[in-house]
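**Q** can't give you the sequence, but here's the structure:
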């Protein structure tokens, strides 16, 4: 076997852009000696007396003594909570650490025996491609096809090869119809597809993907994993995939490592990695739903638990039986839906066309009542974000009307609507602008006239609820993407609006952080407030929402209860959606069970044979 990646005792600590207080100081002072230290202001004299061997920031190590080997052609999965050091690891593999990032590095990273700290960055990137968590950070051209071709142009690929690979990569990612589009005009999921396509075309020896499916619809997630696995099969590409979506990861990975607080705390072949469900959950990792179910039914006594629906179907039929006939199963009602509430949002024949001629919404009609919990779901570019931007006045209808608390948005300012409706963007960087976490949360409250003591209390409470206490003075844009997403949620929740709309509330979040966000939204809803979420995470929809609207091609195809929606397997397939894994398992066991929404519901139906 050829070792593609070798990491030995790697540690890394970030600098925040400040200069070193001391640089390579070596000094001995004999007992009884009188040593004078002179120099201009800022020369580091005080630092010398206080901390002769540390950097000026004192931040924690992002990586701590990481040792890892990856064989050529291997598919390695990397999981762990937000802030564990996963993205830092990807930057080390790409050579961006230490070449482009300020900090302290110990140990080594070798790519096919090349020490990244001693190799020119341009020589590293030809062999290692990285798809970043935020695809916008790597866009440099004016069209999708140019973006996909750009990496190959840098290495003077022949025109014929470039054209062929661009076409192939765009087809593989379902982006061939957008070849001439400006990348920044695409939806979040489409941007992610373009970033992936650019490296599918380049075909580096090692491909590192940081949360490559976070903004993709369920079918898109499956497609991406299938595509990148084909790279391994056809070109022996080494794959290192950082991912919260363990259900897809478990289908393809050879080996998985769990990173937490900068250290590898678990490393195992994929077949056995997910067996210890409580350990994974303790470290902020969702195991596959079918694995969690079998772990519960076995009371943790068995190893090599099922990872896929097919494996779980055979496993359960062999070892367990249903307590009653599937035809006799009666589902408990969902949380109380406040049908009697006043209509607060009404959309009538809404049509919208963007300036470039793209018809995004094609005749939308619906009402939402006070206290409802609604999920808007659909494939990428189906019109979900365009729709909710009309609810907050960011877009005005081309035809039709949108009424918010009885007011036509055509005649109301965004500022007026913002006092009643809070909106969290899919990309948190589109709404964060203050220097620190505290200032970001305090900004809206101050505009509403709250006293400083009230501001302080409200900000402290919301940051504690979202696991961000202690970060008040942290600069906003040195936070990880998951932390910035939670901060964006905090800035809206702290205002306590009547309606909150969140576009992808758990992007980049680990299990614990996702649950903390969703629990806050549940609490918000139980207080009689209205919650609207856009998400590709069908598990969240099943566990939290009461109602779902399925969108495709600018239209609402189905609007109803969540159980009704997920029971319509054919519709889900047509709209490139996939029900939760546990729902697919239940349907595989018996069509009468396709209404199952959660692991808890299916667990209660089984008994040991």
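**A** Received the coordinates, thanks. Every value quoted in this text rests on a predicted model; they were computed, and no experiment measured them.
**Q** in the chain, where's the longest helix?
**A** helix 218-235 (DSSP state H).
**Q** list the neighbouring strands of whichever helix or strand comes after that helix plus their orientation.
**A** Past helix 218-235, heading to the C-terminal end, the next element that is a helix or strand (DSSP states H and E) is strand 238-242. Take DSSP bridges as the rule and strand 238-242 pairs in its sheet with strand 75-79 (parallel), strand 206-210 (parallel).
**Q** what about those strands, which gets the closest to residue 580?
**A** strand 75-79 (19.1 Å; CB to CB). Glycine gets a C-beta too; all of them are placed from N, C-alpha and C.
**Q** residue 505 contacts residue 520, correct?
**A** No: with contact defined as CB atoms under 8 Å, residue 505 does not count as touching residue 520 (9.6 Å).
**Q** redo the strands paired with strand 238-242 as JSON lines? Include mean neighbour count and distance to residue 496.
**A** Formatted as JSON lines, the strands paired with strand 238-242 follow (neighbours: other CB atoms under 10 Å; distance: least, CB to CB, whole Å):
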{"stretch": "strand 75-79", "mean neighbour count": "24", "distance to residue 496": "35"}
{"stretch": "strand 206-210", "mean neighbour count": "24", "distance to residue 496": "34"}
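**Q** any chance of those in TSV, with mean pLDDT and distance to residue 317 too?
**A** TSV is the format used below for these (pLDDT from 0 to 100; distance: least, CB to CB, whole Å):
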stretch	mean pLDDT	distance to residue 317
strand 75-79	98	28
strand 206-210	95	35
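**Q** tabulate these (CSV), appending distance to residue 429.
**A** CSV is the format used below for the strands paired with strand 238-242 (distance: least, CB to CB, whole Å):
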stretch, distance to residue 429
strand 75-79, 24
strand 206-210, 16
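**Q** out of those strands, which is closest to residue 165?
**A** strand 206-210 (14.4 Å).
**Q** so what angle separates the directions of the closest one and helix 218-235?
**A** If you take axes from the mean of the first three to the mean of the last three CA atoms, to 10 degrees, strand 206-210 sits at 170 degrees to helix 218-235.
**Q** so how far is strand 206-210 from its chain's centroid?
**A** What separates the centre of strand 206-210 from the centre of its chain is 16 Å, taken as CA atoms, centre = their mean, to the nearest Å.
**Q** contacts for the helix or strand where residue 459 lies next, please.
**A** Per DSSP H and E, residue 459 falls inside helix 452-465. Contacts to helix 452-465, defined as CB atoms under 8 Å, 6 or more residues apart in numbering, come from residues 437-438, 441-442, 445-446, 450, 469, 471-472, 490, 493-494, 516, 520.
**Q** ranges for the strands of the stretch 1-150 of the chain?
**A** 3-14, 63-71, 75-79, 103-111, 114-115, 128-131 (DSSP state E, counting those that start in this stretch).
**Q** output those strands in TSV, with distance to residue 227 appended to each entry.
**A** Below are the strands of the stretch 1-150 of the chain laid out as TSV (distance: least, CB to CB, whole Å):
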stretch	distance to residue 227
strand 3-14	20
strand 63-71	20
strand 75-79	13
strand 103-111	23
strand 114-115	27
strand 128-131	12
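**Q** low-scoring stretches of the stretch 51-200 of the chain, by residue?
**A** Counting by pLDDT under 70, the ranges of the stretch 51-200 of the chain that qualify are 51-59.
**Q** so where do the helices sit in it?
**A** 86-94, 96-99, 121-125, 144-153, 159-172, 188-202 (DSSP state H, counting those that start in this stretch).
**Q** break this protein into its domains for me.
**A** The chain breaks down by automatic domain parsing into domains covering 63-285, 334-420+497-514+524-578, 428-496.
**Q** what's the first-to-last distance across the shortest one?
**A** Spelled out, that is domain 428-496. End-to-end distance of domain 428-496 (CA to CA, to the nearest Å): 19 Å.
**Q** got it, and the longest one?
**A** With CA to CA as the measure, domain 63-285 spans 19 Å from end to end.
**Q** give the contact list for residue 221.
**A** 213, 245, 248, 536.
**Q** max pairwise distance over the residues you listed: which two?
**A** Longest distance between any two of the contacts of residue 221 is 12.2 Å, between 248 and 536; criterion CB to CB.
**Q** which one of the two has more residues nearby?
**A** Taking other CB atoms under 10 Å, residue 248 and residue 536 do not tie; residue 536 has more neighbours (29 against 21).
**Q** close enough to count as contact, that one and residue 222?
**A** No: counting by CB under 8 Å, residue 536 does not reach residue 222; the two are 11.7 Å apart.
**Q** re earlier: figure out which of the strands paired with strand 238-242 is closest to residue 576.
**A** Nearest to residue 576, of the strands paired with strand 238-242 and by CB to CB, is strand 206-210 at 20.4 Å.
**Q** any chance you could list what contacts the closest one?
**A** By CB under 8 Å, 6+ apart, strand 206-210 touches 4-5, 70, 86-87, 90, 93-94, 111, 127-133, 196, 199, 228, 231, 237-243.
**Q** and the longest helix of the chain, what's buried?
**A** 218-225, 227-229, 231-232 (16 or more other CB atoms under 10 Å).
**Q** what of stretch 558-569?
**A** Neighbour-count burial for stretch 558-569 flags 558-559, 562-563, 565-569 (criterion: 16+ other CB under 10 Å).
**Q** equivalent analysis for stretch 424-431, please.
**A** 424-429.
**Q** same check, this time on stretch 175-195
**A** For stretch 175-195, by 16+ other CB under 10 Å, it's 175-176, 178, 181, 183, 186-195.
**Q** out of the residues you listed, who's nearest residue 303?
**A** residue 192 (35.1 Å).
**Q** any low-confidence regions in the chain?
**A** For the chain (pLDDT under 70), the answer is 16-59, 326-328, 330, 332-340, 609.
**Q** could you rerun that using 50?
**A** Low-confidence segments of the chain, defined by pLDDT under 50: 17-22, 41-58.
**Q** what does stretch 172-183 contact?
**A** So stretch 172-183 is contacted by 136, 139, 141-145, 147, 166-167, 170, 186, 190-191, 193-194, 196-197, 200, 220, 223-224, 227 (CB under 8 Å, 6+ apart).
**Q** if we use 6 Å, what do you get?
**A** 139, 143-145, 147, 170, 193-194, 196-197, 227 (CB atoms under 6 Å, 6 or more residues apart in numbering).
**Q** repeat for stretch 405-415
**A** 344, 393, 396, 401-402, 420.
**Q** again, but for stretch 299-318
**A** 250, 271, 275, 288, 290-291, 294-295, 584-585, 588.
**Q** I'd like the residues you listed written out as TSV, with secondary structure, neighbour count and distance to residue 159 added.
**A** Formatted as TSV, the contacts of stretch 299-318 follow (DSSP: H, G, I helix; E, B strand; the rest coil; neighbours: other CB atoms under 10 Å; distance: CB to CB, whole Å):
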residue	secondary structure	neighbour count	distance to residue 159
250	helix	23	41
271	helix	16	45
275	coil	20	51
288	coil	27	44
290	helix	29	48
291	helix	26	48
294	helix	25	53
295	helix	22	54
584	helix	25	45
585	helix	27	49
588	helix	18	49
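**Q** quick check, nearest of those to residue 359?
**A** residue 584 (33.3 Å).
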